Structure formats: C-alpha cells, structure tokens
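In: What shape does this take:
(one chain, ligands or ions: 1)
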Amino acid sequence: MAAQLAPSLSDKLATLSDQPLVAVLTAIADASASIAHLLRENSQATEKTASTNAFGDQQLQIDVQADNIIMSALENTKQVAVASSEETPIEKTLSENGLYTVAFDPLDGSSIIGSNFAVGSIFGVWPGKHLIGVSGRDLSSSVAVVYGPQATMFVAASGFGNCVQHFTLLDNVWRHTKHIEHIHEGKLFAPANLRCAQDNLGYKQLIEYYMSNRYTLRYTGGMVPDVTQILVKGNGIFVSPVSVLAPAKLRLAYEALPMAHLIKSAGGRCSDGSSDLLDLSVQECEQRTAVCLGSTEEVLRFEKMCSTTNGQ
Ligand SMILES: O=P(O)(O)OC[C@H]1O[C@](O)(COP(=O)(O)O)[C@@H](O)[C@@H]1O
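Out: Numbering: from 1, shown residues only. Model (predicted):
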C-alpha cells in the first residue's frame, strides 16, 4: 500500500476515547508541521537573537519562533491548563479549565542546527494543572519530532497501549509509517557529555568496553535523533552521565522524562544511573539529570559501570 494511503495521525487519534488529549496531540502535530516548514523556508532560522533563556543559552530565532508557535497552538485547544518549556521555564497558565499540563523543548539541538544536522522537538503531556510534583509515571503521552531529511514523529499515548506510533510528514499530512513495540539487544551506542569521561572513570571504562566489543558509534549531539534512532533501529543505547567537572545538561521535564517514556513504551529501559528515570519527580522546572535510555542489558551495564547519579 503506497505511503500516501497510510492512515493519518487523525485516523489513529480517532481510536482514542480521551477527546481533550486528542485535541492536545493534534495541536502538537500541527505546530510541529509548521516548525518543519519554517526550518526549510526561513534562512534566518539559525541566526542568534540578542536574548538568552533562563538556562543562559543564547536563543536562536527558531528557538523563540518555535516556542511561540507551540504555546499558541496549545492555548487554542483550551484543553491545556499549564504549559512550560525550555525557553519559558515557568508554569505558564493557558486555560483555567484546561485538563492537561504540557512541558516541551521547542527546538532541541540548537548547538548543532547551524551545522544543518537533524534537530527535534520534545513534548510531555501530564494530566492536571501542575508540572512541579509530577513524575514520569504520571505521563499520559509523550511525543518526539525529528526535523531531518524527512519530518518524522514518534507518539506514545496511554490509549495506544505499550507501543510507539511512528508518522512521516507527507504532503503536509502526518501519515502512519510504523508501529514500534520492541527494543532488542544490539551494539549501537550514542555517548553524550563525553567530556565527563575525564573525571568519571566508570564512563571511560564503559566507552572502552564499547570500543573493545566493536560497538557502532552513532552520535550527532542532538538528543532527539540520537534517541529516536534506537526506536527506528530497534536496538541501541543513549548515555549522558555526569561528573564533578561535567554536570548534568539534560532537562528532566523538557527532555529526559518524555524521551524515557517513549523508550519505555517501546519495550526499552531508562535510568539516571541508579533508578528508573520515570520514578523521578519534577522538583523545579529547570532541574537537570543524568540519562540512560535503550535496551535492557545496555542500561543495566551503564548502571553497573557508571552509576554516578545526579549530585554524584
Ligand atoms: O554536547 P554534549 O555534551 O554531548 O551534549 C549534547 C546534548 O545537549 C543537547 O544539545 C542539549 O540540548 P539543547 O540544544 O536543547 O540545549 C542535547 O540535544 C544533546 O543530547
């Protein structure tokens, strides 16, 4: 059956009974399609702006534009009580009567977009009107969008069961392309925060283990393509440990929890080095964490060899 005839996202969402969640996921998909076009059409997308976000990162035009596109799409649903993002790291009230809270990274990969590498957007959807206090276990849905040679989207939602639905943007319609429910053992590895191998001996030994056992290095520096490749290939490990000299980079609410929920929904495992990442609860919007996502054996190997967690 030609890809064009494949079911669309709205066909798949029509199988969900939770209409407010369907409205939120539809808004996320529409906003992401707009961002995909913006990246292709807007030559200034990667230009730096004069402003920095609360994390001290210099904001690119596309960071701010993507944040605005998503915030207004979520607001228009009237189903989102609170939204929070890497560019707006506060609990921003959108609709008093909204039923959901959405945390997102509008454009992940601002350090590699200038090199025209694939980048992405990350979304976590929680029931309720608060981000502070929720854990990964409370997630109703998580979405990752890759802006690469093609625009692709990965969706895990409580109504879809234990799997991840994969879509490709074709003729401005998100078409269903894959149903992912297994992550097998394999030798693909993506080592983030590598500078921490200098003072984290466990990480140094883990990298040496991968090399001496002929693992395949596949790393871009963008969390979204580096993690979603594990879903597409059906195997692999993404690691981002921490150390005194190289503290955690990845944000718990905007990056780690939604990506962990996707990997777990597809049968994988997730950890912060000692415990299941999904058990972590958000204490503050800007909280960061060590991250390990992938196949079960590889996550257990990371925990055994590299168990330094947040705060060491
Ligand atoms: O350069 P490092 O230390 O390997 O870290 C790369 C990580 O930092 C990030 O670029 C942080 O994301 P932002 O681009 O949103 O700041 C992740 O996408 C990536 O996994």
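In: So Val64 is in contact with Ser85, correct?
Out: No. Applying Cβ atoms under 8 Å, one finds Val64 not in contact with Ser85, separated by 10.7 Å. Bear in mind the C-beta positions are built from the backbone N, C-alpha and C, glycine included.
In: What separates the first and last residues of stretch 159-178, distance-wise?
Out: From its first residue to its last, stretch 159-178 covers 17 Å (Cα to Cα, to the nearest Å).
In: Please list the outside residues in contact with that stretch.
Out: Residues from elsewhere that reach stretch 159-178 (Cβ atoms under 8 Å, 6 or more residues apart in numbering): 3-4, 6-9, 11-12, 15-18, 21, 29, 33, 36, 150-157, 179-181, 231-232, 262, 265-267.
In: Just the buried subset of those, please.
Out: Among the contacts of stretch 159-178, those scoring as buried are 6-9, 12, 18, 21, 29, 33, 36, 151-157, 180, 231, 262, 265-267 (criterion: 16 or more other Cβ atoms under 10 Å).
In: filter those by proximity to the ligand?
Out: Checking the buried ones among the contacts of stretch 159-178 against the ligand by Cβ under 6 Å from any ligand atom, not one of them is in range.
In: Determine the three-state secondary structure at Met211.
Out: helix (DSSP: H, G, I helix; E, B strand; the rest coil).
In: Neighbours of it, how many?
Out: Met211 has 11 neighbours, counted by other Cβ atoms under 10 Å.
In: So it versus Gln198, what's the distance?
Out: Distance, Met211 to Gln198, using Cβ to Cβ, to the nearest Å: 17 Å.
In: before we move on, what about Ala266?
Out: From Ala266 to Gln198 the distance is 33 Å (Cβ to Cβ).
In: ok, now which ones touch the residue in the stretch 151-300 of the chain that the ligand sits nearest to?
Out: Going by Cβ to the nearest ligand atom, the ligand is nearest to Met223 of the stretch 151-300 of the chain, at 3.4 Å. For Met223, the contacting residues are Asp108, Gly109, Gly120, Ile122, Ala192, Phe238, Ser240, Leu250, Glu255, Met259, by Cβ under 8 Å, 6+ apart.
In: now do 10 Å
Out: Shown in contact with Met223 (Cβ atoms under 10 Å, 6 or more residues apart in numbering): 105, 108-109, 119-120, 122, 144, 190, 192, 238, 240, 249-251, 255-256, 259, 291, 293.
In: do the same with Trp126
Out: So Trp126 contacts 82, 100-103, 133-136, 138-142, 253, 257-258, 282 (Cβ under 10 Å, 6+ apart).
In: Up against the ligand, what does this structure have?
Out: 57, 86, 105, 108-111, 192-194, 221-223, 226, 249.
In: and these, which are buried?
Out: Buried among the residues of the chain next to the ligand (16+ other Cβ under 10 Å): Glu86, Asp105, Asp108, Gly109, Ser110, Ala192, Asn193, Leu194, Gly222, Met223, Asp226, Lys249.
In: is the second one in a bridge, and if so with what?
Out: The bridge-partner assignment for Asp105, based on DSSP bridges, gives Ile122.
In: hang on, it packs against Ser142?
Out: No. Counting by Cβ atoms under 10 Å, Ser142 is not a contact partner of Asp105; they are 11.7 Å apart.
In: before we move on, back to that, do you know how far the residue of the stretch 151-300 of the chain closest to the ligand is from Gln205?
Out: Taken as Cβ to Cβ, the span from Met223 to Gln205 is 23 Å.
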